[in-house]
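Q: Structural data only, the sequence is not supplied:
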């Protein structure tokens, strides 16, 4: 989750002013959090709320997770209304009866990282991903983008090498391209089918967490979301340097920072309990 937020903040100033090189400062006074961060926090909050109800992981619990995700997204989204939401999602946030709108936008992938962090199996991951995604992005490509991203995060937690990850993820997307091949021609595209494979390759071509973010930004296009998706995978594989972890809180509100800290403690406790 924190990797996605870091990617969002680092990429924020380049979304509409692309920089197609890697020699930039990760942070500046112009960086800010966008809808990517807000919705990622909402998904994490919904998972924690659902788990506090001590529900078994049956179909009813996944339905409750969907309901809690809607509540969290609408609550946080309306508190932070000017963070770059798409037009259809803006309407969804304001709706008294929110319904999915057949979206295949990359919003499904940029917010799904808590699922990849939390899931204990691929089977559970798929159900969790569907529960937090289909409430808005019920197009097959929107669902695939979220599931593919969550799976990459889940697998990266225990992968021995990036090649091992690539062999799994090619069942979702064609990854047979290099960043150099696409860098000059990439234009803004907020679909899952364009964004997710680019973000995955940005991770696969990297040798560290920070290199992943630099790769993602250097592609151009939807820089904050590409970096958020790539960063969410890189966190699980490389970890995040402690200095970057500290710096991210300079850009968050107290409310969002508290969600991040609570999520980190929640995951730590869960993993300790799972080892007992």
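A: Right, received. Where do you want to start? Remember, it's a predicted structure, so these values are computed and weren't measured experimentally.
Q: quick one: the most centrally placed residue in the chain from residue 4, how far?
A: In the chain, the C-alpha closest to the average C-alpha coordinate belongs to residue 110, at a distance of 3.3 Å (C-alpha atoms, centre = their mean). From residue 110 over to residue 4 the distance is 7 Å, taken as C-beta to C-beta, to the nearest Å. Bear in mind the C-beta positions are built from the backbone N, C-alpha and C, glycine included.
Q: okay, and the common contacts of the two?
A: Residues touching both residue 110 and residue 4 by C-beta atoms under 8 Å, 6 or more residues apart in numbering: 36, 40, 228-229.
Q: Most neighbours among those residues, which one?
A: Highest neighbour count within the shared contacts of residue 110 and residue 4, by other C-beta atoms under 10 Å: residue 229, with 38 neighbours.
Q: sec struct for the closest residue to that one other than its chain neighbours, please.
A: With C-beta to C-beta, 6 or more residues apart in numbering as the measure, residue 199 is the residue that lies nearest to residue 229, at 3.7 Å, once sequence neighbours are left out. Using DSSP: H, G, I helix; E, B strand; the rest coil, the secondary structure recorded for residue 199 is helix.
Q: Backbone dihedrals for the nearest residue to residue 138 once chain neighbours are set aside, please?
A: With C-beta to C-beta, 6+ apart as the criterion, residue 138 has its nearest non-adjacent residue at 3.9 Å, and that residue is residue 100. Here the main-chain torsion angles of residue 100 (degrees, to the nearest 10) amount to phi -60, psi 150.
Q: So, low pLDDT: which residues of the stretch 51-200 of the chain?
A: Within the stretch 51-200 of the chain, the segments meeting pLDDT under 70 span 54-56.
Q: circling back to that earlier point, give the contact list for the residue nearest to the centre of the chain.
A: With contacts defined as C-beta under 8 Å, 6+ apart, residue 110 is in contact with 4, 8, 36, 39-40, 225, 228-229.
Q: list the buried ones in stretch 165-176?
A: 165-166, 169, 172-173 (16 or more other C-beta atoms under 10 Å).
Q: burial of the nearest residue to residue 94 once chain neighbours are set aside, as a residue count?
A: When the adjacent residues along the chain are set aside, residue 94 lies closest to residue 78, with 7.4 Å between them (C-beta to C-beta, 6+ apart). When counting by other C-beta under 10 Å, one arrives at 11 neighbours for residue 78.
Q: hmm, who's touching the helix or strand hosting residue 78?
A: For residue 78, the enclosing helix or strand under DSSP states H and E is helix 59-79. Contacting residues not belonging to helix 59-79 are listed as 35, 38-39, 41-43, 45-47, 49-50, 53, 55, 85, 89, 93-94, 98, 127-128, 130-132, 134-135, 255-256 [C-beta under 8 Å, 6+ apart].
Q: Next, the angle helix 59-79 makes with the helix or strand just after it.
A: Remark: after helix 59-79, the chain's next helix or strand is helix 87-94, criterion DSSP H and E. Helix 87-94 and helix 59-79 meet at an angle of 100 degrees, taking axes from the mean of the first three to the mean of the last three C-alpha atoms, to 10 degrees as the criterion.
Q: tell me what helix 87-94 is packed against?
A: Here helix 87-94 is seen to pack against helix 59-79 when contacts are counted using 3 or more C-beta pairs under 8 Å, 6 or more residues apart in numbering; DSSP states H and E.
Q: Run the chain-centre distance for the helix it packs on.
A: 16 Å (C-alpha atoms, centre = their mean, to the nearest Å).
Q: Enumerate the positions of it that are buried.
A: Judged by neighbour count (16+ other C-beta under 10 Å), helix 59-79 contains these buried residues: 61-62, 64-66, 68-70, 72-74, 76-77.
Q: nearest to residue 187, of these?
A: Checking these against residue 187 with C-beta to C-beta, the nearest one is residue 77 at 27.1 Å.
Q: if we can go back for a sec, residue 118: which of the buried residues of helix 59-79 is nearest?
A: residue 65 (10.5 Å).
Q: which stretches of the stretch 1-150 of the chain form helices?
A: In the stretch 1-150 of the chain, helices defined by DSSP state H, counting those that start in this stretch lie at 2-12, 35-52, 59-79, 87-94, 107-110, 113-118, 122-133, 140-156, listed in chain order.
Q: likewise the stretch 151-276 of the chain?
A: 162-169, 179-183, 192-204, 209-218, 223-238, 242-248, 254-275.
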